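# coordinates only, sequence not included:
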């Protein structure tokens, strides 16, 4: 049976009803062949995501960086021309895109991206993040386990126009029994002076969008939602989530506190002084130590360039050993 909470919090479920109050997004359903590609253990990028590299890059012996399927009949690099075209059109339209699946962003895979962020300016960026992320894989597995249920959601790729969001404008909100009971600063790694000075207007703006645009329209009674309040009277919905310990972890509320009915609602919690800040959650997503040390030794070099250099070095050593 499909978990109703997870289903309602899927981007495909809520975005059509709240698109006017959210950041612009494009939803691309994931075809079966893309799902099989993402679930497969082999790490190889689609042809269309590497063709620009193939045209210009080569190994030290003059051969191309990526294998030619005509030379190896057993090797058939994947290709998804129609799906990749839709991604490219979105990137061209947006200039740069932020990506996620039904629920999760591939934030655990940003170490593979040239910018070390979720900013995608090419097909290579998109496929690298999708293929490297356990968070995306977990979303796909969840949906696959629902495959026999007629009401199950479908896997999707969400692309949003990339924008630099100041973390001090992000807030997580908690709803119990259709009432907004808590608002919390999202980035607990910093003390932001403007939050203290604007706390009443921030609280008022978020309460307004909840009462006027969210309450009674979202299908669950207990849930969380994230917003950005980028200027006075301007609040946008970022996402919806469940109301449980997973969404209170790393916040200034505990799940137990929210369950025990906070008296003066909504209570707004934020870091009010420059002490006791916590590490950013994203900093805990990292590559294994050995690989991390490998890339650190390459300085500013991108992951792809570092891997090419390492393969060349190994080939050079092997040739020297053979000659000896």
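Happy to help now that I have it. Everything numeric here is computed off the predicted structure, so don't read it as measured data.

# chain center to the helix or strand hosting residue 8: distance?
Secondary-structure assignment from DSSP states H and E places residue 8 in helix 4-9. Taking the mean C-alpha point of helix 4-9 and that of its whole chain, the gap between them comes to 18 Å (CA atoms, centre = their mean, to the nearest Å).

# contacts for the helix or strand following it?
Sequence-wise, the next helix or strand beyond helix 4-9 is helix 11-18, with elements assigned using DSSP H and E. Defining contact as CB atoms under 8 Å, 6 or more residues apart in numbering, one finds that helix 11-18 is touched by 7-8, 22, 25, 27, 100-103, 153-154, 156, 158, 213-214, 217-218, 237, 239-240. For the C-beta atoms, the positions are set from N, CA and C on the backbone; glycine is no exception.

# swap in 10 Å and give it another go.
Here helix 11-18 makes contact (CB atoms under 10 Å, 6 or more residues apart in numbering) with 6-8, 22-23, 25, 27, 29, 100-104, 153-158, 160, 213-214, 217-220, 223, 225, 236-237, 239-240.

# mind giving me the PyMOL select for the residues you listed, buried ones only?
Those of those that meet the burial criterion (16 or more other CB atoms under 10 Å) are gathered into one PyMOL selection, given here:
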select buried, resi 6+7+8+22+25+100+101+102+103+104+153+155+156+157+158+160+213+214+218+220+223+225+236+237+239+240
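
# just the ones of the contacts of helix 11-18 in strands?
Using DSSP state E, the members of these that fall within strands are 25, 27, 29, 100, 156-158, 160, 223, 225, 236-237, 239-240.

# and the strands in the stretch 201-324 of the chain, which stretches?
Under the criterion DSSP state E, counting those that start in this stretch, the stretch 201-324 of the chain contains strands at 223-231, 234-241, 267-269.

# export these as CSV, with columns for mean pLDDT.
As requested, these are arranged in CSV below (pLDDT from 0 to 100):
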stretch, mean pLDDT
strand 223-231, 96
strand 234-241, 97
strand 267-269, 96
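
# out of those strands, nearest to residue 41?
Closest to residue 41 of the strands of the stretch 201-324 of the chain, according to CB to CB: strand 234-241, at 29.8 Å.

# what's the angle between that closest one and strand 223-231?
What separates the directions of strand 234-241 and strand 223-231 is an angle of 160 degrees, with axes from the mean of the first three to the mean of the last three CA atoms, to 10 degrees.

# does anything pack onto strand 234-241? Which helices or strands?
helix 4-9, helix 11-18, strand 170-176, helix 199-209, strand 223-231 (3 or more CB pairs under 10 Å, 6 or more residues apart in numbering; DSSP states H and E).

# show me how far it is from its chain's centre.
Average the C-alpha atoms of strand 234-241, do the same for its chain, and the two points are 15 Å apart (CA atoms, centre = their mean).

# kindly report the same for stretch 17-36.
In terms of CA atoms, centre = their mean, the centre of stretch 17-36 is set 13 Å apart from its chain centre.

# the helices in the stretch 51-200 of the chain, which residues?
Ranges of helices in the stretch 51-200 of the chain, per DSSP state H, counting those that start in this stretch, are 81-94, 123-132, 134-145, 193-197, 199-209.

# show me what counts as buried in the second one.
This points to helix 123-132. Within helix 123-132, the residues that qualify as buried are 123, 124, 125, 126, 127, 128, 129, 130, 131, 132, counting by 16+ other CB under 10 Å.

# could you measure from the nearest residue to residue 134 once chain neighbours are set aside over to residue 181?
Counting by CB to CB, 6 or more residues apart in numbering, residue 108 is the residue found nearest to residue 134 once chain neighbours are left out, at 5.7 Å. Here residue 108 is placed at a distance of 30 Å from residue 181 (CB to CB, to the nearest Å).

# and what of residue 18?
Counting by CB to CB, the gap from residue 18 to residue 181 is 20 Å.

# so what's the residue count around the nearest residue to residue 125 once chain neighbours are set aside?
Using CB to CB, 6+ apart and skipping residues adjacent in sequence, the residue nearest residue 125 is residue 113, 6.0 Å away. The number of residues packed near residue 113 is 21, by other CB atoms under 10 Å.

# for residue 113, what are its contacts?
When the contact criterion is CB under 10 Å, 6+ apart, the partners of residue 113 are 106, 119, 120, 121, 124, 125, 126, 128, 129, 132, 302, 303.
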